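> Next one to model:
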Amino acid sequence: MLIWKTNSFDIKIASVRYRCLLPSRYLELHGYKCCFYAGNNPINFKNRSDSDVLIFVKSFTPYDLSLAKKAKQAGVPVILDICDNIFIDEYVSKSQFKPSEVFKEMSEVASAIVTTGVALKNTIQTQINPSVPIFVVPDANETVEDINYALSIGKWGRWLRLFLYSPISSISIIKNSLPGKIKTVKTSYSKYRQKIKSKFKDKYYNKLLNILSKYKKQTKTFLKKLIKLAYFHKYLHYINKIKNMLVNYANKKHFTSELAINTVVLQKPIINSVNLKENFNDSSVTVNKKIANSCKTVLWFGNHGAAYGNFGMLNLLDIAEPLIKVSQEINFRLLVVSNNYKKYCKYIQPLPFSTDYMEWDLFSIYNNISQSDVVIIPNSQCAFSICKSANRAILSLSLGVPVVATRTPALEDLNECIIIDDWEGG
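Next comes the predicted model:
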């Protein structure tokens, strides 16, 4: 059994997908069994088998250190997978401990260390005992099928595997996690409730609500489900289509209105959530479609950045000058797909050429990339950024979109496939 241990099991976190779920998927296809733990989940090594291996994926906390020591004592090999340069001075956890110090202690009981590239391997070698072998396993290319697998693991697959591996501990984990999950759902709903309600306040929808008010009992349950569906999947823009469906619903009642001039029989519509999801993903990239059709689209996508390391959205400012020069000759818009709209508004939107912003999404990013003319990947080449993997370049190339990037060790193997450091010519 391959026991994967992550700091969090949030599917939106790249390291969870690229370094845990993606390799586990293909290892399972080759006959390996996997289970997944996160956070402070307890792991029982008492009934271990000789095939058990404990793999820590970017999870280096004091609790992880205690788990690693217990695994070592139980004869379970420990592997550390690290994809970021956690050895820079600014890299400190929210709990104020240094992951790098914990990692060094964990390396003392590790059988092997796995990392993403040569640059990070060289950095690790200066920090730990040289007797621990370090292997380079680059990030693989992530497909839509891989994301669907990750989502299935996050929803039910993880718990099924935990139950098969350790029934008692899995039940304990689920029981302990329920209060936190309920609290998270309540907090999220309270936060976005007013925003959701405001989206419903267009004049046609209000008219429709007035019409259906006489059928309150029949429609109350349906409307609740509709609002929850709209909230959960973020189909706020889809309401204009769904409101037309509502006209056909009132439990076979008859009414006349501006939306239904003739008397009609109202029937409850059948909403297929899977189809809605597909429609949402297809329509999520229609922002500024008119502009996109009339000019080139230059795409930057990724994490906006952090308090540590010079990486993320602000690296675009490092190449602002050549982009301005290019904008004087070529009509293009810069599309930023990230997770910090305020940062975009403050630093990127003021640039003297057309820019747009879209919130990063697991599925829509594939459309964002494939509908762009070129992807740019600037890199500050600081100690943290220089160790970044090539996954964004590989994903873009796999979708047939050219890439212009800063030279980094991870991109050396792609030199013949991408343009390096030529921001104007590229």
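
> Let me know the pLDDT of residue 119.
On pLDDT, residue 119 comes in at 96.

> Same question for the one 10 residues further on.
Among the per-residue scores, residue 129 shows a pLDDT of 91.

> how many other residues sit next to it?
Residues lying near residue 129 (other C-beta atoms under 10 Å) number 10. Every residue, glycine included, has its C-beta placed from N, CA and C.

> That one falls within a strand, correct?
No: looking at residue 129 with DSSP: H, G, I helix; E, B strand; the rest coil, it is coil, so not inside a strand.

> Compute the distance between it and residue 420, please.
Distance check for residue 129 against residue 420: by C-beta to C-beta, to the nearest Å, it reads 36 Å.

> And for residue 381?
12 Å.

> what sits in contact with each of these two?
Listed contacts common to residue 381 and residue 420 are residue 406; contacts here mean C-beta atoms under 8 Å, 6 or more residues apart in numbering.

> phi, psi of the residue nearest to residue 377 when sequence neighbours are not counted?
Among residues not flanking residue 377 along the chain, residue 405 sits closest, at 3.9 Å (C-beta to C-beta, 6 or more residues apart in numbering). Geometry field for residue 405 lists phi and psi as phi -150, psi 160, criterion degrees, to the nearest 10.

> Can we start the residue count at 12 from this point?
From this message on, residue numbering opens at 12, which makes the last subject residue 416.

> Could you count how many residues lie near residue 416?
Neighbours of residue 416 under the rule other C-beta under 10 Å: 24.

> Could you pull up phi and psi at residue 415?
Dihedral pair for residue 415: phi -120, psi 130, per degrees, to the nearest 10.

> who's in contact with it?
The contact partners of residue 415, taken as C-beta under 8 Å, 6+ apart, are 385-388, 429-431, 433-434, 437.

> Residue 404 versus the residue nearest to residue 388, what's the distance?
Counting by C-beta to C-beta, the separation of residue 416 from residue 404 is 6 Å.

> likewise residue 115?
Counting by C-beta to C-beta, the separation of residue 115 from residue 404 is 31 Å.

> Which of those two has more residues huddled nearby?
The residue with more neighbours, out of residue 115 and residue 404, is residue 404; 20 against 17, by other C-beta under 10 Å.

> give me the element the more buried one is part of.
helix 402-409 (DSSP states H and E).

> just checking, what packs against that helix?
Packing partners of helix 402-409 (3 or more C-beta pairs under 8 Å, 6 or more residues apart in numbering; DSSP states H and E): strand 385-388, strand 414-416.

> For the stretch 62-211 of the chain, give me the ranges with low pLDDT.
179-183, 185-211 (pLDDT under 70).

> what are the ranges of the helices in it?
73-84, 110-118, 129-136, 155-163, 169-176, 178-210 (DSSP state H, counting those that start in this stretch).

> which other residues reach the second one?
Counting by C-beta under 8 Å, 6+ apart, helix 110-118 makes contact with 67, 71-73, 75-76, 79, 89, 91, 93, 97-98, 102-104, 124, 138-140, 143, all of which sit outside it.

> are any of the residues you listed buried, and which?
67, 71-72, 75-76, 79, 89, 91, 93, 97-98, 102, 124, 139, 143 (16 or more other C-beta atoms under 10 Å).

> quick one: which of these is nearest to residue 324?
Distance to residue 324, by C-beta to C-beta, is smallest for residue 102 among the buried ones among the contacts of helix 110-118, at 18.9 Å.

> so what's that closest one closest to, chain neighbours aside?
Closest to residue 102 by C-beta to C-beta, 6+ apart is residue 319, at 4.8 Å.

> mind listing what the one you found touches?
Contacts for residue 319 (C-beta under 8 Å, 6+ apart) come out as 99, 101-103, 395.

> what two of these have the greatest distance between them?
Pairwise distances across the contacts of residue 319 (C-beta to C-beta) peak at 13.0 Å, for the pair 103 and 395.
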